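Undergrad: quick one: sequence and predicted model below, then my questions.
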Amino acid sequence: MTADAAVLSLPDGRGLELGRLSHEHAGTGGVVWPCSRALCRWMGNNVHDLRGARVLELGAGTGVCGIYAAALGASRVLLTDDDRPALLSLARSNVSLNAGLYAEGADIQVQALVWGDGLDIPSSHNGARPYDIIIGSDVSYTASGCEALCETIRRLLTVVSGAAPLCILAHQDRTDFACSDFEAAAADQGLRVAQLAISEESDQESDGPDSALVTVRLLKITLT
């Protein structure tokens, strides 16, 4: 792990510090991708939605987006990713590394969650939604993983009482899997996709002369 790997700034100028892991140890989850920066910026621009909120992050990787939400004032944040021990350990380490940024009493946890497999997510006693906001950055990048992802989102959005959680994903357009492909996969699971914003982001962790730009879309996911 590299302890000084990436720093993202909060609206008040404070910075997040994040460790990374190599692809060998954490796959694609060990670095900060352009979608994460775009999602963090969206949260910073909508900080009123985060204060006191209960947030669930899908495919957390380094944990940057969930940690950013906690730093913006979320009261409860659950970072989830697959069950690779090294990846979960990285997220927990980053949660601890940024502990000084969280509001007093905030609860930030890390838990394994294999999409479409069990969904052992804590729920409230009255059947209402356990989370106010569901977030995910660069989790919709392959056709093979989208069925399970969309099934998971559908189940998380289906609540017994009260309004469904707000679900926001940051999606990077790719030649082999465009936003329209994700929209089709979502529709198959009874989900509607609406575009909230579009931006061009550097494809590297820090801008440089050799960094190309990629298209990132902020998407709101709802039940049809």
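TA: The structure has been received and is ready for your questions. Just so it is clear, the structure is predicted and the values come from calculations on it, not from any experiment.
Undergrad: what about Asp83, how many neighbours?
TA: Counted by other CB atoms under 10 Å, the residues lying close to Asp83 total 11. All C-beta spots, glycine's among them, are computed from the backbone N, C-alpha and C.
Undergrad: so which strand or helix has Tyr141?
TA: Using DSSP states H and E, Tyr141 is not contained in any helix or strand.
Undergrad: what does the pLDDT read for it?
TA: The pLDDT attached to Tyr141 in the predicted structure is 85.
Undergrad: right, and it touches Phe177 too?
TA: Yes. With contact taken as CB atoms under 8 Å, Tyr141 and Phe177 are classed as touching, separated by 5.9 Å.
Undergrad: find the least confident helix or strand in this protein, judged by mean pLDDT.
TA: The helix or strand with the lowest mean pLDDT-type score in the chain, counting by mean pLDDT, DSSP states H and E, is strand 2-9 (a mean of 59).
Undergrad: and Gly73, that's in a strand?
TA: No. Assessed with DSSP: H, G, I helix; E, B strand; the rest coil, Gly73 is coil; it does not lie in a strand.
Undergrad: what does the pLDDT read for it?
TA: Looking at Gly73, its pLDDT stands at 96.
Undergrad: in space, what's closest to Asp132 - neighbours in sequence excluded?
TA: Distances taken as CB to CB, 6 or more residues apart in numbering place Ala53 nearest to Asp132, at 4.3 Å, with adjacent residues excluded.
Undergrad: which positions in whichever strand or helix holds Ala194 come out as buried?
TA: In the assignment (DSSP H and E), Ala194 maps to strand 191-202. Taking 16 or more other CB atoms under 10 Å as the neighbour-count basis, strand 191-202 is seen to contain the buried residues Leu191, Val193, Ser199, Glu201.
Undergrad: still on that earlier bit, give me the pLDDT for the residue nearest to Asp132.
TA: Looking at Ala53 specifically, the model assigns a pLDDT of 96.
Undergrad: list the contacts of it.
TA: Ala69, Gly73, Ala74, Ser75, Arg76, Asp132, Ile133 (CB atoms under 8 Å, 6 or more residues apart in numbering).
Undergrad: next, give phi and psi for it.
TA: Here the main-chain torsion angles of Ala53 (degrees, to the nearest 10) amount to phi -80, psi 160.
Undergrad: what's the answer for Ala163, then?
TA: Main-chain dihedrals, Ala163, degrees, to the nearest 10: phi -80, psi 150.
Undergrad: could you do Thr152 as well?
TA: Taking degrees, to the nearest 10, you get phi -60, psi -50 for the backbone angles of Thr152.
Undergrad: how near is it to Leu56?
TA: Distance, Thr152 to Leu56, by CB to CB, to the nearest Å: 10 Å.
Undergrad: which stretches of the chain form helices?
TA: Along the chain, the segments classed as helices by DSSP state H run 23-26, 34-45, 47-50, 64-71, 85-97, 143-157, 179-188.
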